[in-house]
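>>> Here is my input; please provide its structure:
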Amino acid sequence: MNKGLLGFFSIFIALLVGALYYTDTIQSPFISALNSVKTNYHNSIEFVQKTINEHFFQARHITELENKLQKYENNHLVMQQLASEINDLFQENHSSLKTDPKVQLVRTISYQKFADLNRIWLEVPDYNSSRVYGLTYKELVAGIVISQNGRALGLLNKDIKSSYAVYVGDTKAPGIAHGNSAENLIVKFIPAWFSIKEGDEVVTSGLDEIFFKGLKVGTVVSVTKSQGYQDAVIEPYYKANNPNYFHMIKKIK
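The predicted structure follows:
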């Protein structure tokens, strides 16, 4: 192959890669096709792992699952009873309030881009792209879910566009938590008259209708004051590097 032809192919490949990376119109069908392949791959891997586990660890695995199922069923019944009593209390007092939370288990397909570990494509059956959802991992806040070209895109805590309402410390100082593409998170717009300090725990407030109230976010590392507000640097609890499954909060009440 002569140098001219080699140069032509190099330029062509560079233009194609650039177009795929920066152009949503071209990128979208490729992403859909790749996500379909990745979903089938994950299904196949899980089937093989399940078959192996059933063959070699069947008895022990079944016992563990039965114990966990009994625990979850008991907790589910208790929560149902509490929700029923709360709704009855609202009705007795002629209140229009009610509690009917909905949480869905969702699976990670892949990272959106190889160089960005804070954005992941999620497999969400019956996905409604009209709103933002909360994302949790083992009862810890992991990030939020937004729509990207009609598909579910998870923005993990450290992503700069991941934001939600929180309370800081025992005084329940209100603020907005978001990532800054670094190790820790930032909580902004905390009113200056609230007393907060290093070591205070940060939890969700539920006021943004994204998360339930009281889910754990992290702890305060440092506090600064400026123009009537305080900013707090937060060390997050969620630090998983291999996210496979999450729970997505579809409805908080």
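
>>> would residue 43 count as being in a helix?
Yes - under DSSP: H, G, I helix; E, B strand; the rest coil, residue 43 falls within a helix.

>>> Only the buried residues of stretch 150-169, if you could.
Of all the residues in stretch 150-169, those buried under the rule 16 or more other Cβ atoms under 10 Å are 151-159, 162-169. In this view, the C-beta of every residue, glycine as well, is placed from N, C-alpha and C.

>>> next one: stretch 183-194
So for stretch 183-194, counting by 16+ other Cβ under 10 Å, buried means 184, 185, 186, 187, 190, 194.

>>> Where strands are concerned, which of these count?
If you go by DSSP state E, those have 185, 186, 187, 190 in strands.

>>> can you pull the contacts of the closest residue to the first one other than its chain neighbours?
Distances taken as Cβ to Cβ, 6 or more residues apart in numbering place residue 234 nearest to residue 185, at 4.2 Å, with adjacent residues excluded. By Cβ atoms under 8 Å, 6 or more residues apart in numbering, the contact set of residue 234 is 177, 184, 185, 186, 187, 202, 217, 218, 219, 220, 221.

>>> what pairs with residue 234 across the strands?
Beta-bridge partners of residue 234, counted by DSSP bridges, are residue 185, residue 220.

>>> cool, residue 145 as well?
residue 133, residue 154.

>>> I'd guessed it sits against residue 121; true?
No - using Cβ atoms under 8 Å, residue 145 is not in contact with residue 121; the gap is 10.6 Å.

>>> who touches both of those two?
With Cβ under 8 Å, 6+ apart as the test, residue 145 and residue 121 both reach 152, 153, 154.
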